[in-house]
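*Asks:* Take this sequence and fold it.
(2 chains)
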Protein chains: 2
Amino acid sequence: MTSKRYLIIGGVAGGMSAATRLRRLDEHAQITVLERGGHVSFANCGLPYHLGGVIEERSSLLLQTPASLGSRFGLDVRVRTEAVSIDREARTVVARDLTTGEDSTLDYDALVLSPGATPVRPPIEGGERMLTLRDIDDVDAAMAALEVAPRSALVIGAGFIGLEMVENLVHRGLDVALVELGDQVLPPLDPEMASPVADRLREAGVDVRLATQVTALGADTARLSDGTTVAAEFVLGSIGVRPDTSLATAAGLELGPRGGIRVDDMLRTSDPHIWAIGDAVEKVDAITGEPRLVALAGLANRHGRLAADAIAGRPVRVREALGTAVVGVMGLTVAATGWNEKLLRSRGRDIRIVHTHPASHAGYYPGAEQMALKLIVDAATDVILGAQGVGGEGVDKRIDVIATAMAGGITASELADLELAYAPQYSSAKDPVNMLGYVAVNALEGLTPSIQWHELDAAVDAGATVVDVRTAGEVADGAIPGSLRIPLDELRSRADELPAGRLIVHCKVGQRGHTAVRLLAQLGRDAVNLDGGYLTWKAGTASRTATEAEALAA
Amino acid sequence: MTSKRYLIIGGVAGGMSAATRLRRLDEHAQITVLERGGHVSFANCGLPYHLGGVIEERSSLLLQTPASLGSRFGLDVRVRTEAVSIDREARTVVARDLTTGEDSTLDYDALVLSPGATPVRPPIEGGERMLTLRDIDDVDAAMAALEVAPRSALVIGAGFIGLEMVENLVHRGLDVALVELGDQVLPPLDPEMASPVADRLREAGVDVRLATQVTALGADTARLSDGTTVAAEFVLGSIGVRPDTSLATAAGLELGPRGGIRVDDMLRTSDPHIWAIGDAVEKVDAITGEPRLVALAGLANRHGRLAADAIAGRPVRVREALGTAVVGVMGLTVAATGWNEKLLRSRGRDIRIVHTHPASHAGYYPGAEQMALKLIVDAATDVILGAQGVGGEGVDKRIDVIATAMAGGITASELADLELAYAPQYSSAKDPVNMLGYVAVNALEGLTPSIQWHELDAAVDAGATVVDVRTAGEVADGAIPGSLRIPLDELRSRADELPAGRLIVHCKVGQRGHTAVRLLAQLGRDAVNLDGGYLTWKAGTASRTATEAEALAA
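*Replies:* You can find the predicted model right below:
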């Protein structure tokens, strides 16, 4: 029996997971890894933090070396080696040593493509000055550019990675401007959830420019679409990535509708001897069943291992992708899973929304922080379609629990039944995830109907009255214009003061509003709860006002 | 239509959840709450922390008052009022005002019993000096006893609440002894998981006495079963609770086999007009389907609400109970869900065990802490039966995720597919929960068979050789006696040095052991991995040694 020859193109995340798993499955195989860059198996998610000095040592980013992978796993790892072409018929790959320029031809029985994704670059004057962070070479270049001690930095793109860049440049002491084409930061979130993040960035001194484009980069400035100029000695871009499909395309492999390599549910491409994984590959969306690009390290690693299993003939079925993600921004934790409201509404999906603002742990124990949670539910089936969280401690925990519930087919109402660990420093007897379930049950069963912050104006135009059941002290800190104010504890005795017609009740976060709606409904009134209360309304309308103000200024 | 009369006995957690939910469902009902103690709706899980001064203000523990519940929910809340008897035929309860001694008779259409559980007291000489913490009166008494500034404290019972008491007394600066009848702290955990907790307590200066009983309490000392005496000016007990079924029993309601009130899956007792919830009630165990006592605040609150729904005629089905719990001990977080190995083995259940020691977040990002995780899996079905975690940051998150997975019917192998939020300060690209899944797959599919720390001696006696694949530096810090040492990176070239027969491979935590087993298996060797590696073996054997040493000393 001759040993199998396995060839892996791309030596980070998915590629290296595939290579090491293949070795564990087949001690006798020849396993070769080609990596265009100078390093394999580095911590790509740590790159922004090395820039910011949080991860002080560059060596901390280098988890493995070709030598360590050779001695432990018997892998033939070749860095600065580019796969320049695939001959599918002959099952060979031409590999070019980027140092010497020499080409060599490698046979394979199975080929794994893990080329990743390429940062998108804006086609603007001076655009070549924009740095990006894909690999160690990039971080070295960025560190060199920071050596000359620039005072100003511009980050283009306010996605998850863009905000990590901002945080780290602020941490380094630079004056940072953030320019984002969309009308909010963190496009995967809905605007009322993203708005507090933008506020936090501004509080930290970041010059946040939404609904704005960079039109040209000068030597140390940037010109923006609103006609202004910002200082930009150092420019870092994170406006998205594009699947790196050049090699696959040249080899005639099929792409999917979103421009990624198409694979089946065993990660095999249109060629039965070639598998593909990672950011270059289209996943199947867990909510819609449609092809989707999801550039996340967790999936890349998971799929690398599964591709190895598939190659070794083991049974494999790739799960559909939810796309769970988290980012830390200036002390805030922001996390999301599944789909957001914007996208689902744009598709006409009938959904229910729940906003809450629970404490991270029991309010009577010191240090509890308020978070904002959002749950998005299929109106017909009660299936959870997505969730978002913004706050401090414990946001990642709640989104992880919800992502797990989604994977397990637990419905929104059933979140009420989850048994989550409670002691006062960790949670509440009714965990925030349980509370989402409680609210979801009340909505599902029609006990407490709710409306969203963005539906309020239309409801008022249609004749509804807004009833604010908060205390006078809370109202003094800000209120919805035109609202009638009756504190909840007086509502029972003062219900006859309320005008005829629909009543939209709200408190600060929605909980007292719920009690008020139940009271009013049983008095025969048409009452609905403003979901998420004043806090969600304020965040939502603030996001609009900011965008409109900036649009006006443009 | 006359309004319904709802009577609730017990005004904490479940009782008050039932009362407020009933009000939301029925604005017109007469709802009366009787509470024997002086306070309702207090933070019972916060009591130890008030003792320790962590929750400084006593008022922080009092979440609601009879007045606030009256104005907001129209509840008639009567404190220091004891329900002394139930006339089920007449549907009346005799309530005694404990201040005046006067009795009154209250009618009900539906009665909810939420009497809670009574602390168990040891029948020993001087036992009446042991304080317990059930309610605000108890915490007041304990605070008064601490006013005289005792220097020494004894805590009896090393369960979750006992350890909270220890932590808080240490926090107050007392010299604390902890006496536990069992041979480990935290009986819901397995010994190798509890052992690091005992170590941490000892490091904090606590005099931990396992497999020991208090035989008598003197004026400021305690005599122990090992013949020694410890200083004990202040004595606090937490040796368990017993369902408070006195009223239910006197009324002729059925009890279950564990001594709690028996209810159906709508929380109704054997009387169709009486519901019961909380610590006094038997739950149905999620793993065995058998009746079980679980005294947890989350279930009490949840069941209070469900009982109200049931009374109001809404559809209700109580879920079976997993019993998820967490405790903070001297900077450690300890959490568990489901069943432990000890109990499952004692029942002869065929199980697989996975131990891991992952970092709380990416190792390359500062501040990562190593945790110990344990997953217990049904060998035939791959169903998760339980999990335990000990460590710092993020232990509660992982146990919550696993508890959610269990509720959703996600199997051990499927944990590998969970999409959990990853950025380097929150997790790893392969989250610790994913890693448990990876190991579980390898065990399920027979790729890497493993043995447990407590099976090692028998395997060696049967002729197996222990192979330590750690580095020389690691071995220098401690090793399993008699092991052969070949670092993993040399194993491929030195495999011929290994003796014939079964090989038990181990590294520090199990991961390199897995790679070594795969290598050796493919060389035709009979190799198994020591699950959890040296760390689990060390914790497990240390727990035995400590117990044996103490047993010897006794």
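*Asks:* So what's the residue count around residue A:123?
*Replies:* For residue A:123, the neighbour count with other C-beta atoms under 10 Å in any protein chain shown is 6. Placement of C-beta: from N, CA and C, glycine included.
*Asks:* for the record, mean pLDDT for stretch A:312-332?
*Replies:* Computed over stretch A:312-332, the mean pLDDT rounds to 96.
*Asks:* give me the residue from chain A nearest chain B.
*Replies:* residue A:408 (1.7 Å; C-beta to the nearest C-beta).
*Asks:* For that residue, give its distance to residue B:406.
*Replies:* According to C-beta to C-beta, to the nearest Å, residue A:408 stands 9 Å off from residue B:406.
*Asks:* more neighbours, the two?
*Replies:* residue B:406 (26 against 17).
*Asks:* what's near enough to touch the more buried one?
*Replies:* B:286, B:322, B:337, B:338, B:384 (C-beta atoms under 8 Å, 6 or more residues apart in numbering or on different chains).
*Asks:* Please convert the buried members of these into ChimeraX selection syntax.
*Replies:* Per 16 or more other C-beta atoms under 10 Å in any protein chain shown, the buried members of the contacts of residue B:406 correspond to this ChimeraX selection:
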select /B:286,322,337,338,384
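*Asks:* Quickly name whichever of the contacts of residue B:406 is closest to chain A.
*Replies:* Distances from chain A to those, taken by C-beta to the nearest C-beta, are shortest for residue B:322, at 4.7 Å.
*Asks:* I'd say the closest one and residue B:284 touch.
*Replies:* No: contact between residue B:322 and residue B:284 fails when scored by C-beta atoms under 8 Å: they sit 10.8 Å apart.
*Asks:* Would you quantify the distance from the residue nearest in space to the middle of chain A to residue B:301?
*Replies:* Nearest to the mean C-alpha position of chain A, counting by C-alpha atoms, centre = their mean, stands residue A:325 at 4.0 Å. Distance, residue A:325 to residue B:301, using C-beta to C-beta: 31 Å.
*Asks:* Of the contacts of residue B:406, which belong to strands?
*Replies:* B:337, B:338, B:384 (DSSP state E).
*Asks:* Can I get those in CSV including distance to residue A:333?
*Replies:* Shown next, in CSV, are the ones in strands among the contacts of residue B:406 (distance: C-beta to C-beta, whole Å):
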residue, distance to residue A:333
B:337, 24
B:338, 28
B:384, 27
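*Asks:* Compile these into a markdown table and extend it with columns for pLDDT.
*Replies:* Below are the ones in strands among the contacts of residue B:406 laid out as a markdown table (pLDDT from 0 to 100):
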| residue | pLDDT |
| --- | --- |
| B:337 | 98 |
| B:338 | 97 |
| B:384 | 98 |
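*Asks:* quick check, nearest of these to residue A:270?
*Replies:* Relative to residue A:270, the closest of the ones in strands among the contacts of residue B:406 is residue B:384; by C-beta to C-beta it sits at 37.6 Å.
*Asks:* Surely the closest one touches residue B:405?
*Replies:* Yes: Residue B:384 is in contact with residue B:405 according to C-beta under 8 Å; the separation is 6.4 Å.
*Asks:* what residues are shared contacts of those two?
*Replies:* What both residue B:384 and residue B:405 touch, as defined by C-beta under 8 Å, 6+ apart, is the set residue B:415.
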